[in-house]
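> Sequence and predicted structure, then a few things I'm wondering about:
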Amino acid sequence: MKPTPASAAPAGAADGGRRSPGRSRGLMARVFAANLAVVAVAAVSAILAGWAFAPLLLERHVESMMRMSSHGPGFERMAADLDAAYRLALGQSIAWAVAIASVAAVVVAWAVTNRLVAPLRALREASSAIAAGRRGARLDVDAPGEIGELAASFNAMATALDEADTVRRRLVTDLAHELRTPLSNLRGYVEALEDGVFELDDDTRRALGRQVERLERLVTDLGALHDLEAGQVPLALERTDLTEVVRTGVAAVTTRFAERAVELAVALPAQAVWVRADPVRTGQVLENLLDNARRHTPGGGRVEVSVTSSTDAGRVEVRDTGPGVAERDREAVFRRLYRVDPDRPAGAGAGSGVGLTIAKALVERQGGAIGVDAAPEGGARFWFTAPLADPVLVRD
């Protein structure tokens, strides 16, 4: 597509737009000068060759003819006239050649300049459009050679910027939604206390504390996710028994599951499953998955954690008997602040909305994979893997 000029381009872009005709003319002048220099060099070379060497060759030829002919003085005059005519014809020919070559230089300079400037002008206009907020501007990638490659690179950059802007706007919207509920609850409690509807008793203090904790958890998790994505969270990869990580992680959350009347079961192999992972961060991944399963499993339901291994990786599964995750949402659930049911209000026990995103970042940084599918008995089955330990790379 040919982009339209940006109506609200920044000052720098606007200045560039005003200078572009002059730059175009300057480029044409430079191309024309280069072509004219080639014409001049060719003309000078032709003149030097014609006037320096051709008469000498012609004179030798005439002398040879004179020796072979009986005509003396008259033939000499004819030879002089022939030399003068030759020089005149040579000069006229070179003059015509220079004139024609100069016209050709102008035409070539104009064509080359337009060929170069047109895509560059389109690039400037598309850049101004994107700077003005019109993210849909794209360039024609059918141009040959480096110009086409530049257009393709620009389009890829514009697409990446468009996607980043979409993610940013969605993040702001989701974050505002996540903050609105606890803040509204806090405001409601404060107004009720001011009006005397509630008394500041232990129950009210606990309710206020839960809302504050939720805000703190959201801010903390968003900060942790930022550090992860920026590569600022160090990982201590070592030879780790995945079964021990699961055993420790399950023991830490047993009470929380009991409070919700959700059964928590564990299925571990008889042998240790040694993987190359950070035991603390892997335990954090498991905790996030267990917390997600606990919140989505109704009372009387069941959550089971299991560990298996293959030829190259250890695998942890967390299966629940909750509502499950629809196939269309199975990738999106790992996106920050994503909710499978956006219309469902977040209760006091809701998570921060970035726990699964943190789990995905931690697993992938350790060389593993993470995902979700449908459990055979119903509900969701979240899983993650970690590469098996390599004795060569691991210090005992």
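Okay, I see it.
> which stretches of the stretch 251-396 of the chain aren't confidently modelled?
Flagging of the stretch 251-396 of the chain using pLDDT under 70 yields the residue ranges 337-353, 390-396.
> what are the ranges of the strands in it?
Chain-ordered strands for the stretch 251-396 of the chain, with DSSP state E, counting those that start in this stretch as the definition, fall at 263-267, 274-277, 302-309, 313-320, 370-374, 380-387.
> first vs last residue of stretch 232-249, how far apart are they?
End-to-end distance of stretch 232-249: 24 Å, with C-alpha to C-alpha, to the nearest Å as the criterion.
> What mean pLDDT does that stretch get?
Stretch 232-249 comes out with an average pLDDT of 90.
> Same question for stretch 37-50.
Model confidence over stretch 37-50, given as mean pLDDT, is 67.
> coming back round to it: out of the strands of the stretch 251-396 of the chain, which comes closest to residue 151?
Of all those, it is strand 370-374 that lies closest to residue 151, at 36.9 Å by C-beta to C-beta. Any C-beta I mention is one placed from the backbone N, CA and C, and that applies to glycine too.
> domain parsing for this structure?
What the record gives for the chain is the domain set 11-137, 168-229, 238-387, from automatic domain parsing.
> re the thing from before, with distance to residue 103 and mean neighbour count added, can I get the strands of the stretch 251-396 of the chain in a markdown table?
Below are the strands of the stretch 251-396 of the chain laid out as a markdown table (distance: least, C-beta to C-beta, whole Å; neighbours: other C-beta atoms under 10 Å):
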| stretch | distance to residue 103 | mean neighbour count |
| --- | --- | --- |
| strand 263-267 | 88 | 15 |
| strand 274-277 | 73 | 25 |
| strand 302-309 | 80 | 20 |
| strand 313-320 | 73 | 23 |
| strand 370-374 | 69 | 17 |
| strand 380-387 | 71 | 23 |
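> Just send those strands back as a markdown table, with distance to residue 129 too.
Shown next, in a markdown table, are the strands of the stretch 251-396 of the chain (distance: least, C-beta to C-beta, whole Å):
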| stretch | distance to residue 129 |
| --- | --- |
| strand 263-267 | 56 |
| strand 274-277 | 47 |
| strand 302-309 | 52 |
| strand 313-320 | 47 |
| strand 370-374 | 39 |
| strand 380-387 | 43 |
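> I'd like to know which of these is closest to residue 169.
When the strands of the stretch 251-396 of the chain are ranked by distance to residue 169, counting by C-beta to C-beta, first place goes to strand 370-374 at 25.9 Å.
> Helices of this protein, start to end?
11-52, 54-68, 73-131, 145-195, 202-229, 242-259, 279-296, 355-365 (DSSP state H).
> Please name the bridge partners of residue 275.
Partner residues in beta bridges with residue 275: residue 240, residue 388, with DSSP bridges as the criterion.
> Distance check, it against residue 154.
Distance check for residue 275 against residue 154: by C-beta to C-beta, to the nearest Å, it reads 43 Å.
> same deal with residue 117?
Between residue 117 and residue 154 the distance, using C-beta to C-beta, works out to 16 Å.
> for residue 259, what are its contacts?
For residue 259, no residue counts as a contact, taking C-beta atoms under 8 Å, 6 or more residues apart in numbering as the criterion.
> Quick check: end-to-end length of stretch 312-329?
Using C-alpha to C-alpha, the end-to-end distance of stretch 312-329 comes out at 28 Å.
> Residue 154 - how many residues pack around it?
Counted with other C-beta atoms under 10 Å, the neighbours of residue 154 add up to 20.
> Surely it is in contact with residue 141?
No. Because the distance of 9.0 Å does not satisfy C-beta atoms under 8 Å, residue 154 is recorded as not touching residue 141.
> Out of the strands of the stretch 251-396 of the chain, which gets nearest to residue 149?
In this view, these are compared for proximity to residue 149 by C-beta to C-beta, and strand 370-374 is the closest at 36.3 Å.
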